[in-house]
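K.L.:
task: produce atomic coordinates for the following.
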Amino acid sequence: LQVFEDLPWKSCTVGDVLLIRRSQPLPCDVLVLASAESSGAFYVSTKSLDGETNPKEGKLAPTLSGVVVSSGESEISGHVAKDLDVHLEQPSPNLLEINGAVSVDGQVAGIGLANFALR
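P.N.:
Numbers count the residues shown, from 1 in each chain. As a prediction, the model looks like this:
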């Protein structure tokens, strides 16, 4: 069982699993692995990207359901409970396009912009 550590943003690297609580700023663009919402929805302010003040809704990819096991909201610990691989296409000049695939215990599904929280 891994415990989340409180680290400066500059320490984040590709592949890290981050615990981001409601209303906390994002240190980088992230693929959302879990949501506090039972529907898998999450909301992100994109004001710094497009000037819009209304939060944008994202959705947890169904394949990712149950990937992260948490000890609960009061505990800052958790772990990735399944075999997880993420593959993304090379960066695109189009800010509104992210395509890739996620494999969970051998089950593969596509992922896109709606599954990411953008800084």
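K.L.:
contacts and neighbour counts: CA atoms only from here.
P.N.:
OK.
K.L.:
residues contacting the spatially most central residue of the chain?
P.N.:
In the chain, the C-alpha nearest the mean C-alpha coordinate belongs to Val32, at 1.8 Å (C-alpha atoms, centre = their mean). Shown in contact with Val32 (C-alpha atoms under 8 Å, 6 or more residues apart in numbering): Leu60, Asn115, Phe116, Ala117.
K.L.:
tell me the spacing between it and Leu118.
P.N.:
From Val32 across to Leu118, the span is 10 Å (C-alpha to C-alpha, to the nearest Å).
K.L.:
same question for Trp9.
P.N.:
Counting by C-alpha to C-alpha - Trp9 and Leu118 are separated by 15 Å.
K.L.:
neighbour-wise, which of those two wins?
P.N.:
Leu118 (20 against 10; other C-alpha atoms under 10 Å).
K.L.:
just checking, that one touches Asp29?
P.N.:
Yes - counting by C-alpha atoms under 8 Å, Leu118 does reach Asp29; the two are 4.4 Å apart.
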